[in-house]
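Chemist: below are the sequence and a predicted model for it; my questions follow.
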Amino acid sequence: MKLYEGKVVSEDIKIGIVAARFNEFIVSKLVSGAQDALVRHGVADEDIALAWVPGAFEIPLAAKRMAESGKYDAVITLGAVIRGATSHYDFVCSEVSKGVANVALGADIPVMFGVLTTDTIEQAIERAGTKAGNKGAECAQGAIEMVNLLREMA
Ligand SMILES: Nc1c(NC[C@H](O)[C@H](O)[C@H](O)CO)[nH]c(=O)[nH]c1=O
Ligand SMILES: CC(=O)[C@@H](O)COP(=O)(O)O
């Protein structure tokens with residue numbers, strides 16, 4: 001049986017990050033978690049680019065530009081959508097998740113979904129470097145794995 005799996009060791013990998021500024025207190029921790037994980041797995045700091053957008057809803061467009069530029073082997077999207085008093089949360093989450101998935105399929109490169117979608121601020125904090133890990137670091141490792149996997153499958 002031929003087995004394909006990507007190693008989580010970077011060899012000449014360039015990464016683009018798109019981060020939403022809304023809930024920046026949380027998202028900044030996701031960005032630093034992603035950057036730390038990328039560098040510690042061998043990605044050169046100069047091979048990482050970061051673009052800030054106003055909110056999660058704007059992530060897919062910026063991710064599309066990065067993914068289709070040809071400059072990056074993978075894109076990591078980071079944000080924190082925290083439920084409020086109206087149904088706005090549902091629309092934002094739906095469009096961001098669908099949009100990010102479509103960018104990956106359209107550009108044919110890994111686009112990692114690192115947007116927290118939580119009911120409470122506490123849940124977001126737990127996933128930004130405390131008891132439930134750091135979603136940015138998780139996506140960073142996943143991005144390296146996916147790049148290596150797709151290179152193996154080529
Ligand atoms: N409520 C949150 C938002 N809302 C803003 C939207 O993402 C968007 O920027 C606005 O509707 C203008 O197009 N964004 C988040 O990232 N997180 C939230 O909790
Ligand atoms: C996720 C959101 O858009 C939300 O935080 C906005 O809050 P609200 O629904 O109270 O307007």
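Modeler: Good, I have the coordinates. Ligands and ions are numbered 1, 2, ... in the order given.
Chemist: and stretch 98-108, which residues are buried?
Modeler: Neighbour-count burial for stretch 98-108, counted by 16 or more other Cβ atoms under 10 Å, picks out Gly99, Val100, Val103, Ala104, Ala107. Any C-beta I mention is one placed from the backbone N, CA and C, and that applies to glycine too.
Chemist: kindly report the same for stretch 133-151.
Modeler: When burial is assessed from 16+ other Cβ under 10 Å, stretch 133-151 yields the following buried residues: 134-148, 150.
Chemist: equivalent analysis for stretch 111-124, please.
Modeler: By 16+ other Cβ under 10 Å, the buried positions in stretch 111-124 come out as Val111, Met112, Phe113, Gly114, Val115, Leu116, Thr117, Thr118, Gln123, Ala124.
Chemist: closest one of those to ligand 1?
Modeler: Val115 (7.5 Å; Cβ to the nearest ligand atom).
Chemist: so what does the strand or helix carrying that closest one touch, helix or strand wise?
Modeler: For Val115, the enclosing helix or strand under DSSP states H and E is strand 111-118. Here strand 111-118 touches helix 24-40, helix 59-69, strand 74-82, helix 88-107, helix 121-126, helix 135-153, going by 3 or more Cβ pairs under 8 Å, 6 or more residues apart in numbering; DSSP states H and E.
Chemist: can you put those in TSV and add mean pLDDT and distance to ligand 2?
Modeler: What follows is these, written out as TSV (pLDDT from 0 to 100; distance: least, Cβ to the nearest ligand atom, whole Å):
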stretch	mean pLDDT	distance to ligand 2
helix 24-40	98	12
helix 59-69	98	13
strand 74-82	99	5
helix 88-107	98	4
helix 121-126	98	10
helix 135-153	98	16
